[in-house]
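Undergrad: sharing a sequence plus its predicted fold:
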Amino acid sequence: MSTKFPIERFGEASTPFYYYDMELLDQTLAKIKQSTSRYGFNVHYAMKANANPAILRRICEAGLGADTVSGGEIAAALKAGFKAQDIVFAGVGKTDAEILLGLREGIGCFNVESVQELEIIEQLAIEEGVTARVALRINPNIDAHTHHYITTGLEENKFGLDMSVVPDMIRRCMQSQALEFVGLHFHIGSQITTLEPYRLLCERINAMQDDLERQGVTSIKSINVGGGLGIDYDDPDKHPIADFEPYFALFHDNLKLRDGQQLHFELGRAVVAQCGSLITRVIYVKEGIGKRFAIVDAGMTDLIRPALYQAHHKIENLTGNGRELRQYDVVGPICESSDVFGHDEMLPEVRRGDLLALRSAGAYGEVMASRYNLRNLPGFMA
């Protein structure tokens, strides 16, 4: 299916706002469950992609766990109904207060990214009289060939541990009364549109497990391969649901899991991106010397991806059916030259008051909105 916009509901709504196609979200979740059930894989939803309460509740109801990167996300996951044991907590800069929240709530796992972080988690767990379940995030030094802001698996990135320190960290966990070592965690980047980096990741993990076993480490209960599966921003109606089947099949075919090991994924963008669109209204049409501008009431404060990542979202004129195609730069009202959604967009003639949709905005859209220029945050409709 593709997104169908209830234009009759949009007419009186205050723009800009995010529209979420919950039917498409449900179909996406069903496809994930269908694709993973045959292998017994586990999926945690990466909440940083979209933390809208309605989205979280629907994902929780579908049976996914939650991948969090802050205390605020842990609290939001619990409020949405996720069980504490189904929550994992990642991030390079976990504060003491956030670690304590996770310990007191009894979350499923801390994905540890430095030696000092492990020491602090152990210290706080001892003080609380609890056991912290931890996985070690390893940096596999794999280039995912994506935007440099969202590549996370290279040696020069701030994320993860060098393999050289991992055996000693595992031994520390095994000797501690307050730590339970549960597994290894990896994440190589985001918006990855070819499967080759994942095949390389499988090879690295296989080699790492072999090496650890030679060193006497055989207590790895789980392998977490992160997420990063990309979506089609150019033609969301042709590919409304990410290609999950070959993605999961690749790990089944190439990753040599040990007996009893569980495989975990942390998918975000691929779950929610296509179900969301930013709906904005045309304020003015400005005729320049060599350009024609469609000035809309949404800006980089509502959807920052084009300004931050030079990303492009397909733009549609929802109220221009039947009009002649014309060329526009679609821009927002923010006092920044980077506040541009698209250059040389071919759209049905744009008029003041028209509604435009910026597609594939369900991930890293609403959740990254700001009040720069003291603008209001966008609303939402589902």
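TA: Ah, there it is.
Undergrad: where along the stretch 251-382 of the chain do the helices fall?
TA: Assigned by DSSP state H, counting those that start in this stretch, the helices in the stretch 251-382 of the chain fall at 269-272, 305-309.
Undergrad: tell me which element Asp168 is part of?
TA: helix 166-175 (DSSP states H and E).
Undergrad: ok, now how distant is the residue nearest to Asp86 when sequence neighbours are not counted from Gly288?
TA: Excluding the flanking residues, the one nearest Asp86 by Cβ to Cβ, 6 or more residues apart in numbering is Gly65, at 3.7 Å. No exception for glycine: its C-beta is placed from N, CA and C like everyone else's. Distance, Gly65 to Gly288, by Cβ to Cβ, to the nearest Å: 50 Å.
Undergrad: isn't Val88 up against Val112?
TA: No: in this structure Val88 lies outside contact range of Val112 using Cβ atoms under 8 Å: 11.1 Å.
Undergrad: shared neighbours of these two, anything?
TA: Ala135 (Cβ atoms under 8 Å, 6 or more residues apart in numbering).
Undergrad: tell me the pLDDT at the residue nearest to Cys335 when sequence neighbours are not counted?
TA: Using Cβ to Cβ, 6+ apart and skipping the chain neighbours, the partner closest in space to Cys335 is Asn373 (6.4 Å). Looking at Asn373, its pLDDT reads 97.
Undergrad: tell me the contacts of Asn373?
TA: Shown in contact with Asn373 (Cβ under 8 Å, 6+ apart): 299, 301, 334-335.
Undergrad: out of the residues you listed, which is nearest to Lys48?
TA: Thr301 (18.2 Å; Cβ to Cβ).
Undergrad: does the closest one touch Tyr372 like I think?
TA: Yes: the pair Thr301 / Tyr372 is scored as a contact, 5.0 Å apart, by Cβ under 8 Å.
Undergrad: who touches both of the two?
TA: Here Thr301 and Tyr372 share the contacting residues Ile334, scored by Cβ under 8 Å, 6+ apart.
Undergrad: got the phi and psi for Cys335?
TA: phi -80, psi 60 (degrees, to the nearest 10).
Undergrad: roughly how far does it sit from Asp96?
TA: Relative to Asp96, and taking Cβ to Cβ, Cys335 is found at 39 Å.
Undergrad: other residues contacting stretch 17-29?
TA: Contacts for stretch 17-29 (Cβ under 8 Å, 6+ apart): 1-5, 10, 52, 54-55, 58-59, 62, 64, 240-242, 270-272, 274-279, 357, 361-362, 365-366, 378-382.
Undergrad: would you mark the buried spots in it?
TA: Of all the residues in stretch 17-29, those buried under the rule 16 or more other Cβ atoms under 10 Å are 17-21, 24-25, 27-29.
Undergrad: with secondary structure as extra columns, can I get the residues you listed in JSON lines?
TA: What follows is these, written out as JSON lines (DSSP: H, G, I helix; E, B strand; the rest coil):
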{"residue": "Phe17", "secondary structure": "strand"}
{"residue": "Tyr18", "secondary structure": "strand"}
{"residue": "Tyr19", "secondary structure": "strand"}
{"residue": "Tyr20", "secondary structure": "strand"}
{"residue": "Asp21", "secondary structure": "coil"}
{"residue": "Leu24", "secondary structure": "helix"}
{"residue": "Leu25", "secondary structure": "helix"}
{"residue": "Gln27", "secondary structure": "helix"}
{"residue": "Thr28", "secondary structure": "helix"}
{"residue": "Leu29", "secondary structure": "helix"}
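Undergrad: between the residues you listed, which is nearest Arg199?
TA: Distance to Arg199, by Cβ to Cβ, is smallest for Thr28 among those, at 24.0 Å.
Undergrad: quick one: which of Thr301 and Tyr372 has more around it?
TA: Thr301 (24 against 14; other Cβ atoms under 10 Å).
Undergrad: show me where the stretch 101-250 of the chain has helices.
TA: Counting by DSSP H, counting those that start in this stretch, the helices of the stretch 101-250 of the chain are 115-128, 166-175, 196-214, 244-254.
Undergrad: of those helices, which approaches Leu101 most closely?
TA: helix 115-128 (10.5 Å).
Undergrad: chain center to that closest one: distance?
TA: 28 Å (Cα atoms, centre = their mean, to the nearest Å).
Undergrad: need the residues that contact that helix.
TA: Here helix 115-128 has contacts from 92, 94, 96, 99-100, 103-104, 110, 112, 131-132, 134, 136, 161, 165, 169, 172-173, 176-179, using Cβ under 8 Å, 6+ apart.
Undergrad: got the buried residues for it?
TA: Those would be 117-118, 121-122, 124-125, for helix 115-128 by 16+ other Cβ under 10 Å.
Undergrad: repeat that for stretch 350-365.
TA: 350, 354-365.
Undergrad: now do stretch 294-314, average pLDDT.
TA: Stretch 294-314 comes out at a mean pLDDT of 97.
Undergrad: do the same with stretch 317-328
TA: 96.
Undergrad: centre of the chain to that stretch, how far?
TA: Remark: stretch 317-328 is offset 32 Å from the chain centroid, using Cα atoms, centre = their mean.
Undergrad: ok, now which ones touch the spatially closest residue to Met47 that is not a sequence neighbour?
TA: Distance criterion Cβ to Cβ, 6+ apart; nearest residue to Met47, sequence neighbours excluded, is Glu73 at 4.7 Å. Going by Cβ under 8 Å, 6+ apart, Glu73 touches 47-48, 51, 66.
Undergrad: which of these tops the neighbour count?
TA: Highest neighbour count within the contacts of Glu73, by other Cβ under 10 Å: Ala66, with 29 neighbours.
Undergrad: wait, is it part of a strand?
TA: Yes: assignment of Ala66 by three-state DSSP places it within a strand.
Undergrad: which residues does it form beta bridges with?
TA: Under DSSP bridges, the beta-bridge partners of Ala66 are Tyr45, Ile87.
Undergrad: the stretch 51-200 of the chain: strands as residue ranges?
TA: 65-68, 87-89, 109-112, 132-137, 179-185 (DSSP state E, counting those that start in this stretch).
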